[in-house]
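1. Fold the following and give me the result.
(2 chains)
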There are 2 protein chains.
Amino acid sequence: MSEVGGRSSASRLHDQLENIAELLRRLRGLGQLPEPDSDQGFREAQVELQRLLDALHPADIAYVLEALPLVDRLAVWQRVKADRDGEILLEVSDAVRESLIADMDDHEILAAVEPLDADELADLVEDLPSEVLPELMASLDAQQRERVQAALSYPDDQVGALMDFEMVTIRDDISLETVLRYLRRFDELPAQTDKLFVINQDNLLTGVLPLNWLLVTSPEKRVSEVMAPDVNTFHPTDDAYEVAQAFERYDLVSAPVVDGNGHLIGRITIDAMVDVLREESESEALNRGGLREEEDVFASVWKSIRNRWAWLAVNLVTAFIASRVIGLFEGSIQHLVALATLMPIVAGIGGNSGNQTITMIVRALALDQITPASARRLWGKEIAVALINGLVWGSVIGVVAWLLYGNFPLGVVMTTAMTLNLVLAAFCGVGIPLLMMRMGRDPALGSSVMITAMTDSGGFFIFLGLATLFLM
Amino acid sequence: MSEVGGRSSASRLHDQLENIAELLRRLRGLGQLPEPDSDQGFREAQVELQRLLDALHPADIAYVLEALPLVDRLAVWQRVKADRDGEILLEVSDAVRESLIADMDDHEILAAVEPLDADELADLVEDLPSEVLPELMASLDAQQRERVQAALSYPDDQVGALMDFEMVTIRDDISLETVLRYLRRFDELPAQTDKLFVINQDNLLTGVLPLNWLLVTSPEKRVSEVMAPDVNTFHPTDDAYEVAQAFERYDLVSAPVVDGNGHLIGRITIDAMVDVLREESESEALNRGGLREEEDVFASVWKSIRNRWAWLAVNLVTAFIASRVIGLFEGSIQHLVALATLMPIVAGIGGNSGNQTITMIVRALALDQITPASARRLWGKEIAVALINGLVWGSVIGVVAWLLYGNFPLGVVMTTAMTLNLVLAAFCGVGIPLLMMRMGRDPALGSSVMITAMTDSGGFFIFLGLATLFLM
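-> Purely as a prediction, here's the structure:
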């Protein structure tokens, strides 16, 4: 019977991780003992650890390496069979890759990347120490070298940097019988091959032949009768995220990449596109939270501080500005100390509401759903929502303030300030991402910090300003 | 030459959207004019609009529908050819689907869903008005009905709700030649077929035969010689997100689903898994921001208010608690009004830093990278980062406070409070998601609101408490 649940069950993989961590702890403990009778246990644990690691898929080893603190990570890395190093380096995150490569000497690095394809090499090259590059490039044949250089010539977020070259091409004037015979000459077809690319004598892409069609069609037919002429074709300079969305939209498995003249130059596959989709949503989450880039969860204290300081500094500046806004009204606070007690409510609710709006808008922008006409409509809608929320919740908190301090005008000021700050939050929640987009920036980047800055300073100013005008 | 860039370029699709929106505006404008000479333009615009819509892929129409405000959306929906309605309903988000179905009568709904497969029907059933269900179920044959009911018996986040039944099965005792002949009897193979499932006479799954292997192997060989016995096999009760991660990890295109006895009951494909990955990351982003569920960006004002009020109410309570914490120290503020001015800085930086930590931890939990042993280590690391950041940034702001108010002890209190609040933020930033996880809750849910509540109330208490002890 087949292995039900298989190696792919994430919970079983987590158990493996705990087993490996436990074995590493035991080995460390035993390694420190001087008694010779611990040797037996030591060797047994070593063998068991090696057995566990050898049984894991490279992607699973990558997962284990990411989930282990640095000391344990390197202990596992040294025990992984050298011929799998390259594949594993491709699977781990940038931050973890850096920590693994730092632990390898030049000879080990060259041996690890030697079995890789050109597009995979290109992924790794920028993380390799520069002194190994000349030797690495010299070890490639001319075609490989050209492909690596081509892939490196595109920015990371373009199709050219992600395409591979393992496409199977056929001519359109042959019969399907001939195609079947041609395919049998391969030892195996490249992974994710769901279609063959049809080219003419000038290497121009004229169509695609899905394997599914090849299999259900009579072998006497010619390729040109069966192939699909209208295909999803991409350029090397196309934006990777847009192409990934096309893969998702049209349920593609692979697609050809052509140059400006229609010459076939490579292909792009769903596995690379899934990675693009994941990285996009992760970097959106990190950017929103004010983390500069992917941070390995076990990164050293110093690395974490470096990664986070920029947004903390921005936040310090915005908090200082908000504080100076309050400073303008110290006289009023001295006169009515309840203002100091109530003002964080106005600012806080505004920040929460603004974050809700900005989350919606950033998402709609990422899905490219907003046109100039609909932007105006969104503004109207969000401001209407804010007005109603402000009147409802503002009244609740206004009544509470009135009862708490026995001061009816204070309650009215509170309600008015809440309403106005929510409207400000709605206005900025729609406007900030649209403005970022217009300026060609990522609308998610620091959106949360910016909207909070507006609603803090704005909220303090509106509340304390109204109080100074009407209560003093 | 092939259509370079193809229909899939997202920017071209966005242009189409703008064209459609423009045509709708023109039609609405012309429809209101009384003059007969506008008839010509009206009819031309109608024809042009119909031409644009007919040329679009169902997934592209879904995109257009999502990006249009309700009136325009329904105008487009009425112009879509009825035989594509079902496919389009499958592609749109839940919120938009609701708005489309509300616009259809029972007869239209039944016609729309009639061409769909069992698994697709099951996706739609819960959004259909209950009065059409009896007629719909009666229109299915026994096998279809059984499959729909099976799919409905699993929760949305399990494989059973997402599997389809379009697998191609073969026996292991036949030759590849026979397999090839068998496949030619199909009109077409199901989409995303990259492997055939091999079963024995008891319908037990014994292996898989990738099409790629079928194509490169000599037709004389038997299936049992060529097939892969060890496969990634899933259960209908497996968690969909974990299975999607397995698809990503092992670069799968399709995989068999078996019951507890190893009987093949369905299959799961990469396109469904990509949707799961996207929905997971979207709901994480929405949950973090305090939006209850997927909200259509053009939802009515009332719907938006309903969707958002829950978290706003939670936030109102936490803001009120923070306000009462300040209320405890009104005497101190009266005495030294600078405290009111400086306290939002302490709270704000704590919130920002806590959100950075919680973002990291939620992400590591989603990737299942945290073990009990590493949790302790993470706490140590995050608290060390917080101590250093607190001393550095706290000193900066402490010096500023000292210079601004000429009060050295106030600066010292500021520095100490910042440091302590950052440590509190680190402690809660690691602890809250771990606790949520332990309680079986989604660690992303409201994480931002909770950490901000801790660092606001905590920050005010620490700063004003220290000030009361040492400055009064």
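
2. Cross-check the contact I'm expecting between residue A:442 and residue A:433.
-> No - judged on Cβ atoms under 8 Å, residue A:442 makes no contact with residue A:433 at a distance of 9.5 Å. For the C-beta atoms, the positions are set from N, CA and C on the backbone; glycine is no exception.

3. Settle it for me: which of these two has more neighbours?
-> Neighbours per residue, other Cβ atoms under 10 Å in any protein chain shown: of residue A:442 and residue A:433, the larger number sits with residue A:433, 29 against 16.

4. Any stretches of chain A with poor pLDDT?
-> Across chain A, the ranges flagged by pLDDT under 70 are A:1-11, A:31-38, A:289-290, A:292-295.

5. Got the domain ranges for it?
-> Here the domain parsing of chain A from automatic domain parsing is A:169-289, A:301-471.

6. residue closest to the middle of chain A?
-> residue A:279 (1.9 Å; Cα atoms, centre = their mean).

7. host element of it?
-> Element membership of residue A:279 [criterion: DSSP states H and E] is helix A:270-289.

8. what's that helix packed up against?
-> Judged by 3 or more Cβ pairs under 8 Å, 6 or more residues apart in numbering or on different chains; DSSP states H and E, helix A:270-289 is in contact with helix A:240-250, helix A:338-366, helix A:447-471, helix B:240-250, helix B:270-289, helix B:338-366.

9. Strands of chain A, start to end?
-> For chain A, the strands defined by DSSP state E occupy A:169-171, A:195-199, A:205-210, A:254-258, A:264-269.

10. So in that sheet, which strands flank the first one, and in what orientation?
-> The one in question is strand A:169-171. Strand pairing for strand A:169-171, using DSSP bridges, gives strand A:195-199 (parallel).

11. Run the chain-centre distance for the partner strand.
-> Mean-position distance between strand A:195-199 and its chain equals 31 Å (Cα atoms, centre = their mean, to the nearest Å).

12. what does it rub up against?
-> Outside strand A:195-199, the residues within contact range by Cβ atoms under 8 Å, 6 or more residues apart in numbering or on different chains are A:167-172, A:179, A:205-211, A:214, A:223-224, A:227, A:253-254, A:256, A:264, A:267.

13. Separate out the buried members of those.
-> The neighbour-count test (16 or more other Cβ atoms under 10 Å in any protein chain shown) marks A:167-168, A:170, A:172, A:179, A:205-211, A:214, A:223, A:227, A:253-254, A:256, A:264, A:267 as buried among these.

14. for the helix ranked longest in chain A, packing partners?
-> For chain A, the helix with the greatest residue count under DSSP state H is helix A:372-405. Identification of packing neighbours for helix A:372-405 by 3+ Cβ pairs under 8 Å, 6+ apart yields helix A:338-366, helix A:408-438, helix B:10-32, helix B:301-327.

15. List the buried residues in that helix.
-> Of the residues in helix A:372-405, A:374-375, A:378-379, A:381-391, A:393-398, A:400-402, A:404-405 count as buried by neighbour count, 16+ other Cβ under 10 Å.

16. What's the local residue count around residue A:71?
-> 10.

17. Could you check how far it is from chain B?
-> 10 Å (Cβ to the nearest Cβ, to the nearest Å).

18. Please, where are all the helices along the stretch 51-200 of chain A?
-> For the stretch 51-200 of chain A, applying DSSP state H, counting those that start in this stretch gives helices covering A:58-66, A:70-79, A:85-91, A:94-101, A:106-113, A:118-125, A:133-138, A:142-152, A:159-162, A:176-183.

19. Turn these into JSON lines, including distance to residue B:116.
-> Formatted as JSON lines, the helices of the stretch 51-200 of chain A follow (distance: least, Cβ to Cβ, whole Å):
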{"stretch": "helix A:58-66", "distance to residue B:116": "34"}
{"stretch": "helix A:70-79", "distance to residue B:116": "48"}
{"stretch": "helix A:85-91", "distance to residue B:116": "37"}
{"stretch": "helix A:94-101", "distance to residue B:116": "42"}
{"stretch": "helix A:106-113", "distance to residue B:116": "48"}
{"stretch": "helix A:118-125", "distance to residue B:116": "38"}
{"stretch": "helix A:133-138", "distance to residue B:116": "53"}
{"stretch": "helix A:142-152", "distance to residue B:116": "42"}
{"stretch": "helix A:159-162", "distance to residue B:116": "33"}
{"stretch": "helix A:176-183", "distance to residue B:116": "32"}
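
20. Quick one, which of these gets closest to residue A:446.
-> Residue A:446 lies closest to helix A:94-101 among the helices of the stretch 51-200 of chain A, at 20.6 Å (Cβ to Cβ).

21. Report the buried residues of the closest one.
-> Of the residues in helix A:94-101, A:95, A:96, A:97, A:99, A:100, A:101 count as buried by neighbour count, 16+ other Cβ under 10 Å.

22. quick one: it to helix A:58-66, angle?
-> If you take axes from the mean of the first three to the mean of the last three Cα atoms, to 10 degrees, helix A:94-101 sits at 90 degrees to helix A:58-66.

23. before we move on, the earlier item: the buried residues of helix A:94-101: which ones sit near chain B?
-> Counting by Cβ under 8 Å from any Cβ of the partner chain, nothing from the buried residues of helix A:94-101 sits close to chain B.

24. would you turn those into JSON lines with distance to residue B:186?
-> As requested, the buried residues of helix A:94-101 are arranged in JSON lines below (distance: Cβ to Cβ, whole Å):
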{"residue": "A:95", "distance to residue B:186": "47"}
{"residue": "A:96", "distance to residue B:186": "45"}
{"residue": "A:97", "distance to residue B:186": "44"}
{"residue": "A:99", "distance to residue B:186": "50"}
{"residue": "A:100", "distance to residue B:186": "47"}
{"residue": "A:101", "distance to residue B:186": "49"}
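
25. Tell me the one of these nearest chain B?
-> residue A:96 (10.4 Å; Cβ to the nearest Cβ).

26. quick one: the closest one from residue A:145, how far?
-> According to Cβ to Cβ, to the nearest Å, residue A:96 stands 28 Å off from residue A:145.

27. again, but for residue A:16
-> Per Cβ to Cβ, residue A:16 is found 39 Å from residue A:145.

28. ditto for residue A:389
-> For residue A:389 relative to residue A:145 (Cβ to Cβ), the value is 61 Å.

29. for residue A:401, same thing?
-> 72 Å.
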